[in-house]
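In: give me the fold of what follows.
(one chain, ligands or ions: 1)
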Amino acid sequence: MPFMFPYQRPRRLRKNPTIRRMVRETSLSPDDFIYPLFIKYGKNVRKEIKSMPGCYHESVDMAVRHAKEVYSLGIPAIILFGIPEHKNETGSGAFDPQGVVQKAIRAIKNKIPELYVITDVCMCEYTSHGHCGIVKDGDVLNDPTLELLAKEAVSHAKAGADMVAPSDMMDNRVEAIRIALDGEGFPEVPVMSYAAKYASAFYGPFREAAESTPQFGDRRTYQMDPANRREALKEVALDIDEGADIVMVKPAMTYLDIISDVKESFDVPVAAYNVSGEYSCIKAAAKLGWIEEERAMMELLTSIKRAGADLILTYFAKDAAKLLNR
Ligand code: PBG
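Out: Numbers count the residues shown, from 1 in each chain. Below is the predicted model:
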């Protein structure tokens, strides 16, 4: 007598690759990705970042070539980070018209105008102490920092950036940047705010890459406490009120619940930053033969999209696009 009881057999819809493809709920596309580039001063520089295999420090000339490759893979956007030649207390390199990022924007927009160029707006790569703003008595001053961030955003827009993305987590910076952009004739440049950005250990490899590790203390007085969930919705609501066009959750892998909450609660596009540590963990485990790199990568990216991300900032963008284009 066969076992007759269960009429429900979910395995029927997993029988073969075709039916699995037909009922698949989430699919990735290169359109989803934003690829980060690290721009360094100099010429003909292309140096792999040790803790982030497959990612490079590049001078502007090399970055242009790289950007072409990114666009040819079907990835619509890049986000630029700059590593200036000199850093100082106030991070004035951030709004230097001849700064590395400003030069890179001009060169890339000139050669590949269709590629959407986003810039990271923050002070930490430009300050000698590595904090995201002006420091006094061991902490970052909020309101004086806003002026610098606004100047930085405007200088990126002047260089031709399509979108600016403040990652500093100062209060009210979206509004400060929006007002400055509008005042300087850039009302059409959108702001993607790193709205719910957590104080995460998973930024470790990036800080090596951007040479932006704080020289003292940490970022816990401005980035969010990883234990908090409701607070993320408050941060996102504030940024939308202040004029953010896209809101970001960062990191992604350990904050899928937050991505899902934000997606449920608001009607603006949601971005998620699949950060350096998430990338490096998979790369390192794969190198040791402990994990299947391609499958782990696709599973992670799919989970971020499934959680609700419309856009994914990821160092895997090129690898994933190559797979998806196959
Ligand atoms: C700058 C910034 C950071 C990242 C993006 N923008 C680092 C930080 O806050 O320390 C992290 C990106 C990554 O880890 O991939 N504030």
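
In: tell me the pLDDT at Met52?
Out: With respect to pLDDT, Met52 scores 97.

In: number of residues surrounding it?
Out: Using other C-beta atoms under 10 Å, Met52 has 20 neighbouring residues. All C-beta atoms are positioned from the backbone trio N, CA, C, and that covers glycine.

In: which strands or helices does the longest helix anywhere in the chain pack on?
Out: The residue-count maximum for a helix in the chain (DSSP state H) belongs to helix 142-159. Under the contact definition 3 or more C-beta pairs under 8 Å, 6 or more residues apart in numbering; DSSP states H and E, helix 142-159 sits against helix 100-111, strand 116-121, strand 163-166, helix 173-183.

In: looking at those, which is closest to the ligand?
Out: Among these, strand 116-121 comes nearest to the ligand, with 5.2 Å by C-beta to the nearest ligand atom.

In: now the angle from the closest one to helix 100-111?
Out: 170 degrees (axes from the mean of the first three to the mean of the last three C-alpha atoms, to 10 degrees).

In: strands of this structure, residue ranges please.
Out: Counting by DSSP state E, the chain has strands at residues 33-40, 46-48, 56-58, 77-83, 116-121, 135-136, 139-140, 163-166, 192-197, 246-250, 270-274, 311-314.

In: what parts of the protein come near the ligand?
Out: Near the ligand, the residues belonging to the chain are 120, 122, 124, 132, 167, 203, 206-207, 275-276 when assessed by C-beta under 6 Å from any ligand atom.

In: now rank those residues by neighbours and give me the top one.
Out: Cys122 (29 neighbours).

In: who touches that one in this structure?
Out: Cys122 makes contact with 94, 132, 149, 152, 166-168, according to C-beta atoms under 8 Å, 6 or more residues apart in numbering.

In: do Thr90 as well
Out: Contacts of Thr90 (C-beta under 8 Å, 6+ apart): 127, 134, 148.

In: give me the lowest-pLDDT entry from those residues.
Out: Out of these, that is Ile134, at 89.

In: that one contacts Asp143, correct?
Out: No: contact criterion C-beta atoms under 8 Å: Ile134 and Asp143 do not qualify, at 9.5 Å.

In: the two: who's more crowded?
Out: Taking other C-beta under 10 Å, Ile134 and Asp143 do not tie; Ile134 has more neighbours (20 against 13).

In: measure the more buried one to Leu324 for me?
Out: 43 Å (C-beta to C-beta, to the nearest Å).

In: now swap in Lys68 and tell me
Out: The gap separating Lys68 from Leu324 is 19 Å, by C-beta to C-beta.

In: please apply the same query to Glu211.
Out: 33 Å.

In: more crowded one of those two?
Out: Between Glu211 and Leu324, counting by other C-beta under 10 Å, Leu324 is the more crowded of the two (18 against 15).

In: ok, the more buried one - contacts?
Out: 28-30, 74.

In: list only those of these flagged as buried.
Out: Buried residues within the contacts of Leu324, counting neighbours by 16 or more other C-beta atoms under 10 Å: 28, 30.

In: pull out the buried residues from stretch 286-303.
Out: Neighbour counts over stretch 286-303 (16+ other C-beta under 10 Å) mark 286, 291, 296-298, 300-303 as buried.

In: go on, stretch 131-151?
Out: So, applying 16+ other C-beta under 10 Å, buried residues of stretch 131-151: 131-135, 140, 142, 145-146, 148-151.

In: then stretch 95-103?
Out: 95-96, 99-103.

In: surely Ile246 touches Val270?
Out: Yes: shown here, Ile246 and Val270 form a contact pair, counting by C-beta under 8 Å, at 7.4 Å.

In: between the two, what contacts are shared?
Out: Here Ile246 and Val270 share the contacting residues Leu311, scored by C-beta under 8 Å, 6+ apart.

In: more neighbours: the two, which one.
Out: Comparing Ile246 with Val270 by other C-beta under 10 Å, the one with more neighbours is Val270, at 26 against 20.

In: ok, now which ones touch the more buried one?
Out: For Val270, the contacting residues are 246-249, 259, 262-263, 308-311, by C-beta under 8 Å, 6+ apart.

In: ok, the residues you listed vs Val174, which is closest?
Out: Val247 (9.4 Å; C-beta to C-beta).

In: measure that closest one to the ligand for me?
Out: Between Val247 and the ligand the distance is 15 Å, computed by C-beta to the nearest ligand atom, to the nearest Å.

In: burial of the closest residue to that residue other than its chain neighbours, as a residue count?
Out: Nearest residue to Val247, sequence neighbours excluded (C-beta to C-beta, 6 or more residues apart in numbering): Ala195, at 4.0 Å. Ala195 sits with 31 neighbouring residues when counted by other C-beta under 10 Å.

In: as CSV, the strands of the chain with mean pLDDT would be great.
Out: CSV is the format used below for the strands of the chain (pLDDT from 0 to 100):
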stretch, mean pLDDT
strand 33-40, 98
strand 46-48, 96
strand 56-58, 96
strand 77-83, 97
strand 116-121, 98
strand 135-136, 90
strand 139-140, 90
strand 163-166, 98
strand 192-197, 98
strand 246-250, 98
strand 270-274, 98
strand 311-314, 98
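
In: that concludes my questions; thank you for your assistance.
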